[in-house]
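Q: any chance you could fold what I've pasted below:
(one chain, ligands or ions: 1)
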Amino acid sequence: MVTILTKENSIANHYLVELRDINVQQDRMRFRNNLERLGEIIAYEISKTLDYEPVKVQTPLGEASHQVLQEQPVLATIIRAGLPFHQGMLNVFDRADSAFFAAYRHTKKSGEMQVYKKYLNTPNLDGRILIIADPMLATGRSLVLCCKDLLAEYEIKELHIAVVIASEEGLQHVRAFIPEAHIWVGDVDNEMTSKSYIVPGLGDAGDLAYGNKE
Ligand SMILES: O=c1cc[nH]c(=O)[nH]1
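A: Predicted coordinates for the structure are as follows:
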């Protein structure tokens with residue numbers, strides 16, 4: 001299942017426009033903040049689909065009944081660009097455990113793009129709800145690689161993938177290889193460059209958030 005945020009009018013569109021805007025995105029703090037705000041919005045949307053249980057809470061004047069989350073999800077992200085997006089989700093699911101991956105892309109002289117995994121740090125995911133926050137879904141290959149490994153190793157109860165901008169190709173790749181995931185995406189763009197940057201996209205999210213790499 002895929003949910004596209006910008007299919008409906010909401011304040012999320014403003015944050016997305018600012019992320020894409022070549023002038024506004026030079027303000028690194030605002031760029032990170034907009035990623036964080038979209039993380040909060042998508043986490044809130046996901047929260048509406050989770051299971052709840054009744055509780056009673058004592059106020060100074062009586063007792064109130066509410067429904068609260070049965071369990072906190074695990075929030076995973078791929079560094080670097082995923083960090084502010086992940087922080088937004090953590091602001092919403094404020095008792096969640098976290099998992100971190102590192103992967104990098106290398107384009108060979110032949111033009112072929114290779115994905116390498118470097119690092120994984122995760123709690124036990126057996127029986128857990130997992131939300132993976134990956135702001136830019138380009139080819140989808142690094143995401144599928146990470147998800148496949150986790151799905152092979154753990155009995156994950158429910159998988160959500162949160163994305164700010166996806167390429168149409170990347171979205172189809174993830175849907176084909178991880179059909180069980182519910183994908184939440186800010187917007188979907190049609191094209192990619194030969195180096196797998198999304199067009200129009202927003203540029204390199206990691207560099208915009210944290211500075212150019214070597
Ligand atoms: O367009 C893209 C694709 C992957 N990662 C980015 O930061 N931007």
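
Q: okay, CA-based contacts and neighbour counts for the rest of this
A: OK.

Q: show me where this structure dips below the pLDDT cut-off.
A: Applying pLDDT under 70 to the chain flags the ranges 105, 111, 113, 116.

Q: for it, what's the longest helix?
A: helix 28-47 (DSSP state H).

Q: tell me the first helix or strand C-terminal of the host helix or strand of residue 99.
A: Per DSSP states H and E: residue 99 is located in strand 97-107. Next helix or strand after strand 97-107 toward the C-terminus (DSSP H and E): strand 113-121.

Q: touching the ligand at all, that following strand?
A: No. Strand 113-121 stays clear of the ligand (CA under 6 Å from any ligand atom), getting no nearer than 11.9 Å.

Q: thinking again about what came up before, go through the strand holding residue 99 and flag the buried ones.
A: 97, 98, 99, 100, 101, 102, 103 (16 or more other CA atoms under 10 Å).

Q: how about the residues of the protein by the ligand?
A: Residues of the chain lying near the ligand by CA under 6 Å from any ligand atom: 136, 138, 197, 198, 201, 203, 204, 205, 206.

Q: buried ones only from those, please, as a ChimeraX command.
A: Filtering the residues of the chain next to the ligand down to the buried ones (16+ other CA under 10 Å) takes a single ChimeraX command:
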select :136,138,197,198,201,203,205,206
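
Q: hang on, the earlier thing: how about the longest helix of the chain: buried residues?
A: 28, 30-43, 46-47.

Q: what bridges to the residue nearest the centre of the chain?
A: In the chain, the centroid-proximal residue (CA atoms, centre = their mean) is residue 133; its distance is 2.0 Å. Per DSSP bridges, residues listed as beta-bridge partners of residue 133: residue 77, residue 162.

Q: quick one: contacts for it?
A: Residues counted as contacts of residue 133 (CA atoms under 8 Å, 6 or more residues apart in numbering) are 39, 75, 76, 77, 78, 82, 85, 86, 161, 162, 163.

Q: swap in 6 Å and give it another go.
A: 77, 86, 162 (CA atoms under 6 Å, 6 or more residues apart in numbering).

Q: from the ligand, how far off is the residue nearest to residue 2 when sequence neighbours are not counted?
A: Nearest residue to residue 2, sequence neighbours excluded (CA to CA, 6 or more residues apart in numbering): residue 183, at 4.7 Å. Distance, residue 183 to the ligand, using CA to the nearest ligand atom, to the nearest Å: 17 Å.

Q: what's the angle from the strand or helix carrying residue 183 to helix 28-47?
A: Taking DSSP H and E as the criterion, residue 183 maps to strand 182-189. Strand 182-189 runs at 140 degrees relative to helix 28-47, counting by axes from the mean of the first three to the mean of the last three CA atoms, to 10 degrees.

Q: what sits up against strand 182-189?
A: Here strand 182-189 makes contact (CA under 6 Å, 6+ apart) with 1-6, 160-168.

Q: select only the buried ones of these in ChimeraX?
A: Of those, the buried ones can be selected in ChimeraX as follows, counting by 16+ other CA under 10 Å:
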select :4,5,160,161,162,163,164,165,166,167,168
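
Q: in helices only, show me the contacts of strand 182-189.
A: Judged by DSSP H, helices contain the following of these: residue 168.

Q: what is the nearest of the buried residues of strand 97-107 to residue 193?
A: Relative to residue 193, the closest of the buried residues of strand 97-107 is residue 103; by CA to CA it sits at 19.6 Å.
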